[in-house]
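Asker: sequence and computational prediction follow.
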Amino acid sequence: MHKQFEDLRASELYCPRCKIARPVREKLLLVLPHAELHDYRCEVCGESLGSREVKAPPVMARPQAMPRPAATRRQVAPNRALAPRR
């Protein structure tokens, strides 16, 4: 079966305050480790008309970080006065 409605977003919903279907704005409410919660609000009166939960994709295990090699210091020559050019 096709997953054609997996990421469905509402453009209009019925508003009980306006008593008519109105365009909605989607507002991000909360970000959780497993999902995001969105709220639909009427564009005219601001009434909350519904919500939507977007599931996060499964997190792949991170590969182990390679340990850094020990830092080696370069030998720096002591400051010498520059000899004038001839």
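Answerer: Looks like it arrived, so ask away.
Asker: with adjacent residues omitted, what lies nearest to residue 54?
Answerer: residue 36 (4.5 Å; CB to CB, 6 or more residues apart in numbering). C-beta: built from backbone N, CA, C; applies to glycine.
Asker: please disregard the earlier target; I meant residue 12.
Answerer: residue 21 (4.8 Å).
Asker: tell me, how many residues neighbour that neighbour?
Answerer: As a burial measure, residue 21 scores 13 neighbours (other CB atoms under 10 Å).
Asker: beta partners for the residue nearest to residue 54?
Answerer: residue 31, residue 54 (DSSP bridges).
Asker: how near is the residue nearest to residue 12 to residue 9?
Answerer: 15 Å (CB to CB, to the nearest Å).
Asker: for residue 22, same thing?
Answerer: On the measure of CB to CB, residue 22 and residue 9 end up 15 Å apart.
Asker: can you give me the strands for the chain?
Answerer: 12-15, 20-31, 35-42, 48-55 (DSSP state E).
Asker: now these in CSV, with distance to residue 3?
Answerer: Putting the strands of the chain into CSV (distance: least, CB to CB, whole Å) gives the following:
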stretch, distance to residue 3
strand 12-15, 23
strand 20-31, 20
strand 35-42, 17
strand 48-55, 12
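Asker: reformat those as CSV; add mean pLDDT.
Answerer: Converted to CSV, those look like this (pLDDT from 0 to 100):
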stretch, mean pLDDT
strand 12-15, 94
strand 20-31, 93
strand 35-42, 93
strand 48-55, 90
